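S.K.: below are the sequence and a predicted model; questions follow.
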Amino acid sequence: MRVIGLISGTSVDGIDGALVEISGSPGDWHLELLAGTTLPYPVDLRSQILDVCAGKSLSMPELAELDDAIATVFADAALSLQQSSEPAELIGSHGQTVFHRPPQNHQLGYSLQLGRGELIAQLTGLTTVSNFRVADIAAGGHGAPLVPILDTYFLRHPNYDRCIQNLGGIGNVTYVPKTDNQILGWDTGPGNALIDLAVQYFSEGAQTYDRDGAWAATGTPCMALVERWLQQDFFQQPPPKSTGRELFGVDYWQRCLREAEPYNLSPADILATLTELTVVSIHHSYCQFLPELPDQILLCGGGSHNHYLQQRLQTLFAPIPVFSTSELGLNADFKEAIAFAVLAYWRLLEIPGNLPSVTGAVSEVLLGEIHPVFTPNVIRSQSIT
Ligand SMILES: Nc1ncnc2c1ncn2[C@@H]1O[C@H](COP(=O)(O)OP(=O)(O)OP(=O)(O)O)[C@@H](O)[C@H]1O
Ligand SMILES: CC(=O)N[C@H]1[C@@H]2OC[C@@H](O2)[C@@H](O)[C@@H]1O[C@H](C)C(=O)O
């Protein structure tokens, strides 16, 4: 079946879309990436989303409008993916996370993704599966991370224990042992979110990220600050655990900036220090929470293009090799989008998509709500005229 997967992650940089041919059967799945695209958000929409993520209040009509504006951009990504490929038959859309609260003390978690699936179905004429996180949360889980099941199916190796480390706005890891031992996974903390905020601040909005890590590479990390930030509860907390921009967002970045003041650091030093926090928090969490360090570390997500970050990880983990999932045939930029295509397909087949050993849910559950097409393209043609 040809399935489109769509996601905009915690970097809020735009919609990653993947058109995938999925074939095979449980235990023997085959994937072919037919097309991939990244559609940046319109600038105004991006800043509205970032404001909401940072705690701005919305009225209910504003919320509905934002939900539909996001769904419309997601539908555009799905339509553009099919322009040069055969049409898809199904969409799996993660949507845009605007709020995530992990479960605590028997209180269910809460995770809100905007970009409603029913509108994407109408605008594209394709059945759309969305709201993937709620069923796992209802089963007491974090509802995140969900991609580890894809890593398990497609990146397990008979001779190597592997860690698959995503470096998005937030970082998350999947531990896939060579044996049938338990798959583990959790959010490791900040990926690029704090680095991006710092770059925007120091470049006065001219740059949104540290391309290839070139700016940080000219600085020196302040290890005293890294050690101090690492004391924070989140890093000590054992898995299952998840996080988001609620913790590693604007307030956190402003606190970093304040705490850096006494050290007289240059912008490059602060960028190197924030990059080091990402690197050291990953190393620290592997050392604390894995049965043993892996044989290989595979990187994915936008941060896998940050050469400085990759080199720092390689230095800290040496002699364990650190390389990209793309080198093994699983595209590092579209892996999350591919995952939501696969999860949508499994939802139709009624195959559970969560890994309780990762999310902490009490059981496996079917992930996602199915939105069939009732009135194809009605709203789209209205919005075009
Ligand atoms: N060439 C590059 N050099 C350095 N950093 C890069 C490069 N390309 C992308 N990035 C970083 O990757 C980020 C986007 O990564 P990605 O799209 O994987 O994140 P996301 O999916 O939004 O987040 P998450 O996985 O947490 O949901 C950008 O914000 C930027 O910081
Ligand atoms: C609530 C939410 O959107 N979480 C994201 C976020 O971005 C990375 C990390 O934190 C991961 O837990 C998750 O995304 C990926 C797609 C996942 O579920 O595996």
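M.R.: That came through fine. Ligands and ions are numbered 1, 2, ... in the order given.

S.K.: list the residues that contact T375.
M.R.: Q122 (C-beta atoms under 8 Å, 6 or more residues apart in numbering). C-beta here means a position set from N, CA and C on the backbone, and glycine is covered the same way.

S.K.: also I297?
M.R.: So, once contact is read as C-beta under 8 Å, 6+ apart, I297 ends up touching 162-163, 165, 313, 317, 320-323.

S.K.: ok, now with 7 Å
M.R.: 163, 165, 317, 320, 322 (C-beta atoms under 7 Å, 6 or more residues apart in numbering).

S.K.: which of the residues you listed ranks first by neighbour count?
M.R.: Within those, most neighbours by other C-beta atoms under 10 Å means C163, with 27 neighbours.

S.K.: could you verify that it is part of a strand?
M.R.: Yes. C163 forms part of a strand when assessed by DSSP: H, G, I helix; E, B strand; the rest coil.

S.K.: just want the residue of the stretch 151-300 of the chain that's nearest ligand 1.
M.R.: Closest residue of the stretch 151-300 of the chain to ligand 1, C-beta to the nearest ligand atom: G168 (1.9 Å).

S.K.: that residue reaches S11, doesn't it?
M.R.: Yes. Using C-beta atoms under 7 Å, G168 makes contact with S11 at a distance of 5.8 Å.

S.K.: anything in contact with each of the two?
M.R.: 192, 302.

S.K.: can you map out the helices along the chain?
M.R.: 43-53, 60-81, 117-124, 134-138, 148-155, 193-202, 223-230, 233-236, 250-260, 267-289, 307-317, 335-349, 356-359, 378-384 (DSSP state H).

S.K.: now those as a markdown table including mean pLDDT and distance to T174?
M.R.: Formatted as a markdown table, these follow (pLDDT from 0 to 100; distance: least, C-beta to C-beta, whole Å):
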| stretch | mean pLDDT | distance to T174 |
| --- | --- | --- |
| helix 43-53 | 97 | 25 |
| helix 60-81 | 98 | 25 |
| helix 117-124 | 98 | 25 |
| helix 134-138 | 98 | 15 |
| helix 148-155 | 96 | 4 |
| helix 193-202 | 98 | 20 |
| helix 223-230 | 98 | 22 |
| helix 233-236 | 97 | 19 |
| helix 250-260 | 97 | 25 |
| helix 267-289 | 98 | 12 |
| helix 307-317 | 98 | 16 |
| helix 335-349 | 98 | 11 |
| helix 356-359 | 98 | 7 |
| helix 378-384 | 48 | 37 |
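
S.K.: mind putting those helices into JSON lines with distance to I7?
M.R.: Below are the helices of the chain laid out as JSON lines (distance: least, C-beta to C-beta, whole Å):
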{"stretch": "helix 43-53", "distance to I7": "14"}
{"stretch": "helix 60-81", "distance to I7": "9"}
{"stretch": "helix 117-124", "distance to I7": "12"}
{"stretch": "helix 134-138", "distance to I7": "16"}
{"stretch": "helix 148-155", "distance to I7": "12"}
{"stretch": "helix 193-202", "distance to I7": "16"}
{"stretch": "helix 223-230", "distance to I7": "28"}
{"stretch": "helix 233-236", "distance to I7": "23"}
{"stretch": "helix 250-260", "distance to I7": "22"}
{"stretch": "helix 267-289", "distance to I7": "21"}
{"stretch": "helix 307-317", "distance to I7": "21"}
{"stretch": "helix 335-349", "distance to I7": "5"}
{"stretch": "helix 356-359", "distance to I7": "17"}
{"stretch": "helix 378-384", "distance to I7": "21"}
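
S.K.: partners of E32 in the sheet?
M.R.: E21 (DSSP bridges).

S.K.: what number of residues lie near it?
M.R.: 10.

S.K.: swap in the one 10 residues further on?
M.R.: P42: 12 surrounding residues under other C-beta under 10 Å.

S.K.: contact residues of the stretch 1-150 of the chain facing ligand 1?
M.R.: 9-11, 13 (C-beta under 6 Å from any ligand atom).

S.K.: which one of those is nearest L58?
M.R.: T10 (19.0 Å; C-beta to C-beta).

S.K.: quick check: the closest one vs ligand 2, distance?
M.R.: Per C-beta to the nearest ligand atom, to the nearest Å, T10 is found 5 Å from ligand 2.

S.K.: quick check: that residue touching I170?
M.R.: Yes. At 4.9 Å, T10 and I170 qualify as touching, with contact defined as C-beta under 7 Å.

S.K.: overlap in contacts of these two?
M.R.: With C-beta under 7 Å, 6+ apart as the test, T10 and I170 both reach 193, 244.

S.K.: which one of these two has more residues nearby?
M.R.: Neighbours per residue (other C-beta under 10 Å) separate T10 from I170, with I170 holding more: 28 against 24.

S.K.: for that one, give the beta-bridge partners.
M.R.: As assigned using DSSP bridges, the partners bridged with I170 are P190.

S.K.: give me every residue in the stretch 151-300 of the chain lying close to ligand 2.
M.R.: 166, 168, 170, 172, 187, 242, 244.

S.K.: please redo it, this time with the cut-off set to 8 Å
M.R.: 166, 168-172, 185, 187, 191, 242-244 (C-beta under 8 Å from any ligand atom).

S.K.: who are the contact partners of Y175?
M.R.: Counted by C-beta under 7 Å, 6+ apart, Y175 has contacts 163, 183-185, 290, 294.
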